[in-house]
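Novice: how would this look folded up:
(one chain, ligands or ions: 1)
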Amino acid sequence: MTTTESNPQNGTVTGEAPKPTGPLSKIDYSEKIPNNVNLASDRKLQRALESWQPKFLDWWKNLGPSIPTHDVYLRTAIAVGRDGWAHFDRVPMEDYRWGIFLAEADPDRKVNFGDRLGEPAWQEVPGEHRSDLRRLIVVQGDTEPASVEQQRHLGMTAPSLYDMRNLFQVNVEEGRHLWAMVYLLQAYFGKDGREEAEQLLKRNSGDFDSPRILGAFNEETTDWLSFFMFTYFTDRDGKYQLGTLKESGFDPLARTCEFMLKEEAHHMFVGTTGVQRTVQRTAELMKEHGTDDIWAYGGIPLSVIQKYLNFQFSVSMDLFGSETSSNVASYYTSGLKGRWMETRRKDDHQLHDLTMDVPIIENGAMSTKTVPMLTALNLDLRNEYVADCANGVKRWNQELEDAGLEERLYLPHQGFNRKVGSFRDHHVTPTGDIVDDATWEKSVGDYLPTADDRARVAELMVPHYEAGDFAGWISPPSVGINSLPVEYGYVRF
Ligand code: BYC
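Specialist: Presented below is the predicted three-dimensional model:
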């Protein structure tokens with residue numbers, strides 16, 4: 001923020017690409033597609049990506065944020081080195097420079113797990129794993145635009161300009177994560193990859209004929225409480241899945257995911273603090289009025305926050321696949337998808353002789369079954385995820401404790417409301433009781449948001465577009481973005 005032109009305090013719009021002033025591995029912004037992969041040296045790939053670019057921009061125009069804005073105070077990557085990789089500026093969103101950024105290469109990097117442990121990391125796709133690898137990249141790529149589609153109308157009901165800016169920051173970065181996967185598809189998978197890249201823009205969230213691949217990405221993000229729960233629970237699945245792909249023996253995928261994870265941290269922040277600020281306001285109103293029924297005072301009852309949490313946690317648990325999966329075993333043994341923090345694990349990184357207990361329901365009761373660990377790696381990852389999810393809940397409960405309230409939020413049982421895996425054909429309550437159809441039908445409205453709950457939350461979603469103004473159902477944050485005041489005009493119309 002050194003030049004007058006780009007100083008957000010004086011309100012000047014630049015909309016121009018940030019100048020590459022960062023450290024090593026600079027991103028070349030003079031190119032049509034900003035990149036740090038020397039795209040100009042590969043004319044064929046450059047042409048393929050340049051022909052995909054207008055389709056992406058078209059998709060963004062039609063299915064990206066629906067509220068028209070003049071400019072937004074956004075963060076853009078300018079280098080992928082350790083320091084100073086981000087640059088903040090006011091940017092008209094359609095001028096955001098989506099590009100291709102890979103973390104720096106480590107020439108000594110090895111395959112760190114599976115049957116090819118110890119080989120130099122692959123710079124090309126191993127022929128025998130081509131279709132599995134493509135499948136993983138396509139599934140990952142499919143989630144990115146899906147989330148933008150799901151969040152498309154939220155700008156219309158933003159609780160503040162600060163929150164609206166955070167929504168758009170998440171959206172442009174999900175768009176960039178799509179670019180990341182499309183680059184891999186086009187650079188390494190030839191014609192098939194180009195076709196898959198087209199399909200990524202053709203499937204749409206919730207579309208009856210051509211839905212997104214994974215369940216949670218076809219659910220509606222109906223309001224800002226769902227958005228905060230989504231960025232807390234579903235983006236966190238993203239963090240863990242990217243963490244496993246960052247370990248991949250296929251080096252370009254590993255390097256892409258490593259850089260994506262840096263951007264992902266902000267999405268986690270939006271979710272954690274968004275729910276926390278909602279709980280804080282709810283706690284204030286509960287204390288003031290001595291009741292959980294705070295609708296009339298403009299707040300969201302804690303019991304409804306819990307139902308939203310139950311929903312988003314359970315659909316996000318489904319994103320890990322089945323507890324026992326031959327797919328995951330094969331991804332691991334072939335060196336395509338590792339474990340969370342693979343290189344820090346103290347075992348042989350091949351796991352052939354190990355076993356793990358996975359949960360099952362047997363004769364109407366919770367039980368476990370011992371399976372080869374290789375087939376249980378979806379559960380291994382999910383367990384890491386659940387432990388991480390619990391941290392946020394602790395933080396939210398601190399708000400309740402600070403307000404002197406007895407009530408607490410909690411994570412529901414792993415079997416609650418599941419459509420994938422061991423619990424799929426059973427009704428399990430949030431506290432882990434297995435119940436029959438009739439009991440479930442009678443009580444499901446206590447566990448998951450009802451149409452009425454969603455309608456009442458929707459009534460509170462009145463937009464607040466004055467700088468420094470906040471909706472009554474959420475507390476303002478304690479600090480603004482990039483040291484700017486909370487009252488800053490983060491979005492202009
Ligand atoms: N919905 O062997 P199974 C993110 C399919 S989020 C629908 O149990 P597997 C983000 C499965 O594909 C992270 N279908 O599972 C967050 C398989 O189909 P095929 C996204 C499902 O393969 C917020 C069959 O059922 N990245 O980045 O071991 C905003 C049997 O599956 C579902 C990834 O997921 C489901 N929930 O594991 C923006 C990483 N679950 O092959 C972005 C890449 C399973 O029989 N993906 N199925 O046709 C993977 O690693 C794996 O595909 C999965 C599934 C973990 C998803």
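Novice: So which bits of the stretch 301-450 of the chain are right by the ligand?
Specialist: Asp318, Leu319, Phe320, Gly321, Ser322, Ser325, Asn327, Val328, Lys337, Asn378, Val420 (Cβ under 6 Å from any ligand atom). Every C-beta, even on glycine, is put in place using the N, C-alpha and C of the backbone.
Novice: Do a quick rundown of the helices in the stretch 1-150 of the chain.
Specialist: 43-63, 130-150 (DSSP state H, counting those that start in this stretch).
Novice: Please name the nearest non-neighbouring residue to Val393.
Specialist: With Cβ to Cβ, 6 or more residues apart in numbering as the measure, Leu409 is the residue that lies nearest to Val393, at 5.5 Å, once sequence neighbours are left out.
Novice: SS state for the one you found?
Specialist: The three-state label for Leu409, taken from DSSP: H, G, I helix; E, B strand; the rest coil, comes out as coil.
Novice: Contacts only, for it.
Specialist: Taking Cβ atoms under 8 Å, 6 or more residues apart in numbering as the contact definition, Leu409 lies against Val279, Leu302, Ile305, Gln306, Leu309, Val393, Trp396, Asn397, Leu400.
Novice: What of Arg408?
Specialist: Shown here is Arg408, whose contacts under the criterion Cβ under 8 Å, 6+ apart are Asn397, Leu400.
Novice: For the ligand, see how far away it is.
Specialist: Look at Arg408 and the ligand: by Cβ to the nearest ligand atom, to the nearest Å, they are 27 Å apart.
Novice: how close does that residue sit to Leu309?
Specialist: Distance check for Arg408 against Leu309: by Cβ to Cβ, to the nearest Å, it reads 12 Å.
Novice: residue ranges of the strands in this structure, please?
Specialist: For the chain, applying DSSP state E gives strands covering 71-77, 86-91, 355-362, 365-372, 427-428, 434-435, 491-492.
Novice: Relative to the fourth one, what are the paired strands and their orientations?
Specialist: Which is strand 365-372. In the sheet, strand 365-372 lines up against strand 355-362 (antiparallel) (DSSP bridges).
Novice: Contacts for the partner strand next, please.
Specialist: Residues outside strand 355-362 that contact it (Cβ under 8 Å, 6+ apart) are 323-324, 366-373, 376, 379-380, 414-415, 422-423, 426, 428, 434.
Novice: go with 7 Å
Specialist: Strand 355-362 is contacted by residues 323-324, 366-373, 376, 379-380, 414, 422-423, 426, 434 when judged by Cβ atoms under 7 Å, 6 or more residues apart in numbering.
Novice: buried set for stretch 149-163?
Specialist: Neighbour-count burial for stretch 149-163 flags 149-152, 154-155, 157-163 (criterion: 16 or more other Cβ atoms under 10 Å).
Novice: Please identify the longest helix in the chain, counting by residues.
Specialist: Ranked by residue count and defined by DSSP state H, the top helix of the chain is helix 251-289.
Novice: Show me what that one is packed against.
Specialist: helix 161-188, helix 224-229, helix 235-245, helix 302-318, helix 377-402 (3 or more Cβ pairs under 7 Å, 6 or more residues apart in numbering; DSSP states H and E).
Novice: Show me which residues of the stretch 151-300 of the chain sit near the ligand.
Specialist: Residues of the stretch 151-300 of the chain found near the ligand (Cβ under 6 Å from any ligand atom) are Glu174, Leu214, Gly215, Thr234, Asp235, Asp237, Gly238, Gln241.
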